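A.B. asks: I need the structure of the sequence given here:
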Amino acid sequence: MPRKHYWVGDKLPDEKVLEQVKKLLESAPKRKFLESVELAINLKNVDLKNQKNKIDEDIILPKGRGKPIKIGVFGSGEFALKAKNAPADRVITPEEIETIAGNKRMAKKIATEITYFIAEAPLMITIGKRLGPVLAPRGKMPRPLPPSADPTPVIQNLRKSVKIKAKDKPTFHVVVGSRDMSAEDITENIDAVLNRVISKLEKGRANIDSVYVKTTMGPAYRIM
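C.D. replies: Model (predicted):
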């Protein structure tokens with residue numbers, strides 16, 4: 001059964017989005033670094049003061065992010081070993097939690113460098129008390145897993161994930177790929193993100209004012 005498309009309807013087929021993405025990639029000047037491609041999503045008629053209207057979740061991009069991100073794991077024993085083999089970019093033992101918490105500069109550096117954290121569930125209380133003040137404001141609190149779980153598939157999924165977050169402002173941005181990805185793959189990622197966003201809105205497509213796609217430093221093209 002084909003996947004339902006909430007956002008394109010009859011007025012904006014995927015071909016039109018693909019066309020705009022191709023124009024974007026062709027017109028964006030070459031940079032000395034690999035630019036990300038992102039969406040700017042503008043909402044309308046949404047009361048963001050109402051908790052049920054806030055959007056804060058992760059989406060797995062079907063074609064991946066196009067650029068590597070770092071995954072950190074809090075764990076010990078077999079859990080930590082599996083995380084290292086996954087491989088996680090950094091494995092933090094229970095003993096290291098105290099060391100990091102006692103060094104604010106180190107804690108902030110790790111919180112900035114790591115995109116997603118995973119943790120053995122029993123460590124969550126300690127992490128919350130000792131590192132919560134640094135991780136929570138950045139939306140970096142770990143995803144808890146049972147000590148017997150294999151973190152490998154979670155790590156693999158997180159490497160392809162992006163966070164969508166609309167809390168207090170009607171405009172938010174989300175990465176949908178990188179400059180060196182094909183226009184087709186980026187378009188598929190856009191489809192996945194917008195389908196999820198619109199499915200979360202009270203009035204669906206009617207709560208979307210406009211959507212633009214752009215590179216990090218390049219021009220923006222309206223796709224909705």
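
A.B. asks: make it CA atoms for all contacts and neighbour counts henceforth
C.D. replies: Fine.

A.B. asks: which residues touch the longest helix anywhere in the chain?
C.D. replies: Ranked by residue count, the top helix of the chain under DSSP state H comes out as helix 183-200. Contacts to helix 183-200, defined as Cα atoms under 8 Å, 6 or more residues apart in numbering, come from residues 5-7, 14, 17-18, 21-22, 25, 39, 53, 55, 59, 61-64, 164, 176-178, 204-205, 207-208.

A.B. asks: just the helices in this protein please.
C.D. replies: 14-27, 77-85, 94-101, 104-113, 124-135, 152-158, 183-200.

A.B. asks: Including mean pLDDT, mean neighbour count and distance to residue 172, could the ones you listed go into CSV?
C.D. replies: Formatted as CSV, the helices of the chain follow (pLDDT from 0 to 100; neighbours: other Cα atoms under 10 Å; distance: least, Cα to Cα, whole Å):
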stretch, mean pLDDT, mean neighbour count, distance to residue 172
helix 14-27, 89, 18, 19
helix 77-85, 97, 17, 32
helix 94-101, 95, 15, 31
helix 104-113, 96, 14, 19
helix 124-135, 97, 17, 20
helix 152-158, 96, 17, 20
helix 183-200, 93, 20, 11
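
A.B. asks: which residues sit in contact with residue 62?
C.D. replies: 160, 188-189, 192.

A.B. asks: again, only this time at 7 Å
C.D. replies: residue 189 (Cα atoms under 7 Å, 6 or more residues apart in numbering).

A.B. asks: With residue 162 instead?
C.D. replies: Shown in contact with residue 162 (Cα under 7 Å, 6+ apart): 58-60, 174-175.

A.B. asks: Show me which of those is closest to residue 75.
C.D. replies: Relative to residue 75, the closest of those is residue 58; by Cα to Cα it sits at 22.2 Å.
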